[in-house]
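**Student:** Need the 3D shape of this:
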Amino acid sequence: MTAKAPQNVSLYKRYLKRQLNLFYLSLTFFTRIPAPKNMYYSPSLLNKSGRYFPLIGLLIAGILSIIFTVISPLFPVSITVTLLIIISLFITGAFHEDGLADMADGIGGGMTLEKRLTIMKDSRIGTYGAATLLMALVLKLLLLIELVEVNALIPSLFLGYSLSRAVAASLIYDLPYVADIDTSKSKPLANKQSPFELKLLFIIGLIPAIFFSLTTLLFIGLTLFIFRMLFKAWLIKRLGGYTGDCLGACQQISELLIYLVIIACLTPNLSV
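**Tutor:** The predicted structure is shown next:
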């Protein structure tokens, strides 16, 4: 028994080191935050790192919450929230917003599957993408301002940034990948998820649920369940599966839906 103890500790340490490495890989893929240089990379490991996508959301929400606490006494609410959105875009490199715009251009402007995929790979932004991105950012600005007014911004950021990423990444589990894997920027995420990874996504994504009432969480869960079901069916009809841009679009829409439901539940008309 005593001989096994050091061996078990060693295995546990190696497991933690491996998981930390996966987190660092996820950090470098989804944000511009630097990671340790001794991080080990391989395509298979980068694929597995997607399990920590919601954890990246929690990290970004934590950074934004600290910044909000520091600058909110200095500026009006509208300016403070605008700065938060700009900082968020800088941290992520507008990675998910780019996906939303590209998906809108591709599905809105392409009449065939091949044309849609070609448009989505084009780095230029079109009318559909520009309009969709503008409306999404304006709506996010208005929603975050309202969340400040009802004293719910920080917990909403944590839930919005983590759970929306869990919903987006979960599409990998039960949708086929349709883009050209050799040229796609989301190639590392093209493989299927395991049931363990799917569960881990939502376990991490729901950590901020402790800040909300059960009724609010039920409304959020129902809304996201319906959205994911409809979005999945729509992607199958229009593309036959998902691309990396579709995951970014799903994250952005899910985040906005979470804020909308929270605000709806905090209005005087609903006692939750």
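
**Student:** Tell me which residues of the helix or strand hosting residue 246 come out buried.
**Tutor:** Applying DSSP states H and E as the criterion places residue 246 in helix 244-266. For helix 244-266, burial by neighbour count (16 or more other Cβ atoms under 10 Å) applies to 244-259, 261-263, 265-266. In this view, the C-beta of every residue, glycine as well, is placed from N, C-alpha and C.

**Student:** again, but for stretch 210-220
**Tutor:** Judged by neighbour count (16+ other Cβ under 10 Å), stretch 210-220 contains these buried residues: 212, 216-217, 219-220.

**Student:** show me where the stretch 151-272 of the chain has helices.
**Tutor:** For the stretch 151-272 of the chain, helices defined by DSSP state H, counting those that start in this stretch occupy the ranges 153-174, 195-205, 214-238, 244-266.

**Student:** wait, what's in contact with the residue nearest the centre of the chain?
**Tutor:** Nearest to the geometric centre of the chain sits residue 165, at 2.7 Å (Cα atoms, centre = their mean). Residues near residue 165 by Cβ atoms under 8 Å, 6 or more residues apart in numbering: 53-54, 56-57, 201, 205, 251.

**Student:** which residues of the stretch 101-250 of the chain score low on pLDDT?
**Tutor:** Scanning the stretch 101-250 of the chain for pLDDT under 70 picks out 180-191.

**Student:** biggest helix in this structure by residues?
**Tutor:** Looking across the chain with DSSP state H, the single longest helix is helix 4-30.

**Student:** Can you report how many residues lie near residue 129?
**Tutor:** Other residues near residue 129 come to 25 when the count uses other Cβ atoms under 10 Å.

**Student:** show me the contacts for it.
**Tutor:** Residues counted as contacts of residue 129 (Cβ under 8 Å, 6+ apart) are 100-102, 104-105, 108.

**Student:** Apart from its chain neighbours, what residue comes closest to it?
**Tutor:** Spatial nearest neighbour of residue 129, excluding adjacent residues (Cβ to Cβ, 6 or more residues apart in numbering): residue 101 at 3.5 Å.

**Student:** go on, residue 30?
**Tutor:** In this structure, residue 30 finds its nearest non-sequential neighbour in residue 56, 5.0 Å apart by Cβ to Cβ, 6+ apart.

**Student:** which SSE is that neighbour in?
**Tutor:** Assigned by DSSP H and E, residue 56 falls within helix 53-71.

**Student:** helices or strands up against that helix?
**Tutor:** On a contact count with 3 or more Cβ pairs under 8 Å, 6 or more residues apart in numbering; DSSP states H and E, helix 53-71 meets helix 4-30, helix 77-92, helix 153-174, helix 195-205.

**Student:** Beyond the first one, next helix or strand please.
**Tutor:** Toward the C-terminus, helix 4-30 is succeeded by helix 43-48 as the next helix or strand (DSSP H and E).

**Student:** That next one: which residues count as buried?
**Tutor:** For helix 43-48, the neighbour count (16+ other Cβ under 10 Å) marks 46-48 as buried.

**Student:** what's it packed up against?
**Tutor:** Checked by 3+ Cβ pairs under 8 Å, 6+ apart, helix 43-48 has helix 4-30 packed alongside it.
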